[in-house]
Structure formats: structure tokens, C-alpha cells
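Asks: Predicted model, plus sequence, below.
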Amino acid sequence: MYTGLLHLHSLLRWVIIVLLIINIIKLFGGNKVIALSKWLLITAHTTLVLGLCQYFFGQMGFELLKTYGAEAMKIAPIRFWAVEHITGMILAIALITIGHVSLKKTGNTKKTAILYTIAFILILAVVPWPFRTGVGRPWFPGMH
């Protein structure tokens, strides 16, 4: 079951990235895309729930903090999984949420586009891309 959740979590990253790119382009173009923004919000929150389950019930998150304690901050791969990945993603999803609510309430496409762009950059910075030493994961779930 853990592997299935991990694969779904990894697959949804691509959905979020694609939706962010489409939303950013359309929003900077002045298009108020509430339905598309809502799909981004739903996907981001679903991915967050899956990630939180992995963090608290798996071996690559909170368990590392319990095992290593303060030493976790000195070991880059452990720090990534125990602190950096979850913190960066929660911040990015908060920006997506704020952007969606702002778009819905005010219709300010530029503000939402900026928030989505910051979220996009943050997500790109904390995804475990295959080329990241010590923490890399495959491009697509199940690939080695």
C-alpha cells in the first residue's frame, strides 16, 4: 500500500506542474481561469494529504527525526526528507491556496499568477528529481 501511495504522490507532481504552467500562462494573459485553478487546488491538496500520510506513517519523514534527532540537520539527505521537502511543499500549497482564494474573491489574475509562479519555483526546488544526489527519485513512478 505504501508503494501505491508513493507512486500516486509522485505521479500527481506532474499533474500539479502541468496545471501550474497552464494557469500561470493563462493568468498572466489576463484570463480568469477559476475552474482550472480549482483543479490545481484539488490536486495540490490531494497530493499534500498523500504526502502527510507518507511523512507521518512512513520511514522517510518524521521517523528520521525521531531516529536522528538534531543530527538529522547535519546529514543532507535526511534533512531533505525530514524537513526541507515537507516545508517547501506546504509553503507552495499554501501559496496555491491563497492564489486560488484571491482569484475567486477579487479576480486579480496578476496577483494569482505571481503566487503560482513562486509556488512553481518552490516546488521545483524541493522535488526529489533524479539528478539530486542522495535523494533523487525516478522521473515517473515505478521507473528505475
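Replies: It's in.
Asks: Lowest-scoring secondary structure element of this protein by mean pLDDT?
Replies: helix 62-68 (a mean of 91; mean pLDDT, DSSP states H and E).
Asks: and residue 39, how many neighbours?
Replies: By other CB atoms under 10 Å, the residues close to residue 39 number 16. Placement of C-beta: from N, CA and C, glycine included.
Asks: let me redo that: residue 80
Replies: Neighbour number of residue 80 under other CB under 10 Å is 20.
Asks: how close does residue 20 get to residue 36?
Replies: 10 Å (CB to CB, to the nearest Å).
Asks: longest helix anywhere in the chain?
Replies: helix 2-28 (DSSP state H).
Asks: returning to what we had before: show me which of residue 20 and residue 36 is the more surrounded one.
Replies: Shown here are residue 20 and residue 36; by other CB under 10 Å, residue 20 has more neighbours (23 against 15).
Asks: give me phi/psi at the most centrally placed residue in the chain?
Replies: Nearest to the mean C-alpha position of the chain, by CA atoms, centre = their mean, lies residue 89 at 4.2 Å. Reported as degrees, to the nearest 10, the phi and psi values for residue 89 are phi -70, psi -40.
Asks: ok, now which ones touch it?
Replies: When contacts are counted by CB atoms under 8 Å, 6 or more residues apart in numbering, residue 89 touches 47, 48, 51, 122, 123, 126.
Asks: Regarding the closest residue to the fourth one other than its chain neighbours, what are the backbone dihedral angles?
Replies: In space, not counting the residues next to it along the chain, residue 122 is nearest to residue 92; the distance is 4.3 Å by CB to CB, 6 or more residues apart in numbering. The phi and psi torsions at residue 92 (degrees, to the nearest 10) take the values phi -60, psi -40.
Asks: okay, now residue 92: neighbour count?
Replies: Using other CB under 10 Å, residue 92 has 26 other residues around it.
Asks: ditto for the one 10 residues further on
Replies: Using other CB under 10 Å, residue 102 has 16 other residues around it.
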